[in-house]
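Asker: got a structure for you, letters missing:
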């Protein structure tokens, strides 16, 4: 029988979890499930010039802005990273991310390889990167078509760029083949739990150990 004991919380700094993949592999679906299951995990809401899809909500999926507004934000250095993807601009707001990390909240990023490279240049120690692969290219094409949110021309463009995007897999810490949603979500949750336990992230660990050493039995 396992005896129930008191639970102690150790202060730690949050870290950034990046999910990347070619469009249609399923990273956004995996991300949404992670947010529903993991306490202390918050989605980084990107700013984009891409038109809003019917299934998307302002402020929950993206912050939708025009090209002029985006250019001004770049000039004022409001972004941790920004990139041009399929003809549209995407960027990660800097201030909100830093605020959450300092408070010990982990931030989930649904971004491409370009954004990941920029984040690595700024903060390698606080970044955990995960790349999702499709089981086959046929599966990827089918998932894009089932989504029914892109034109045939856009789907062809995404498929033509998939090979280049797949070539960046070796730049990531973890690789997951997205066979099923359940398996992929479980795998990413395991990565998050392991990363949270790393010594360097637990900034309150030294004080906790010192208190144990000085404790009277």
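Answerer: The structure has been received and is ready for your questions. Everything quoted here is computed from the prediction, not taken from an experiment.

Asker: In whichever strand or helix holds residue 80, which residues are buried?
Answerer: Following DSSP states H and E, one finds residue 80 within strand 79-85. Within strand 79-85, the residues that qualify as buried are 79-83, 85, counting by 16 or more other C-beta atoms under 10 Å. Heads up, the C-betas are built off the backbone N, CA and C, glycines and all.

Asker: Which residues does the helix or strand bottoming out on mean pLDDT in the chain contact?
Answerer: Least confident helix or strand, the chain: helix 137-147 with a mean of 74, by mean pLDDT, DSSP states H and E. Contact partners of helix 137-147, identified using C-beta atoms under 8 Å, 6 or more residues apart in numbering, comprise 22-26, 134, 150, 155, 158-159, 162.

Asker: So for those residues, which is the shakiest by pLDDT?
Answerer: The member of the contacts of helix 137-147 with the lowest pLDDT is residue 150, at 65.

Asker: ends of stretch 111-129, how far apart?
Answerer: 10 Å (C-alpha to C-alpha, to the nearest Å).

Asker: Buried residues of that stretch, list them for me.
Answerer: Buried residues in stretch 111-129 (16+ other C-beta under 10 Å): 111-116, 118-119, 126-129.

Asker: so can I have CSV of those showing secondary structure, pLDDT and distance to residue 41?
Answerer: CSV is the format used below for the buried residues of stretch 111-129 (DSSP: H, G, I helix; E, B strand; the rest coil; pLDDT from 0 to 100; distance: C-beta to C-beta, whole Å):
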residue, secondary structure, pLDDT, distance to residue 41
111, coil, 85, 16
112, coil, 87, 20
113, helix, 90, 22
114, helix, 85, 23
115, helix, 85, 18
116, helix, 91, 18
118, helix, 86, 22
119, helix, 89, 17
126, coil, 88, 14
127, strand, 94, 15
128, strand, 96, 12
129, strand, 96, 15
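
Asker: Could you export these as CSV, including distance to residue 36?
Answerer: Shown next, in CSV, are those (distance: C-beta to C-beta, whole Å):
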residue, distance to residue 36
111, 20
112, 23
113, 26
114, 28
115, 23
116, 24
118, 28
119, 24
126, 24
127, 23
128, 19
129, 22
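
Asker: Residue 205: which of the residues you listed is nearest?
Answerer: Within these, proximity to residue 205 (C-beta to C-beta) peaks at residue 126, which comes in at 16.5 Å.

Asker: wait, the closest one sits on residue 100?
Answerer: No - between residue 126 and residue 100 there is no contact under C-beta atoms under 8 Å: 11.5 Å.
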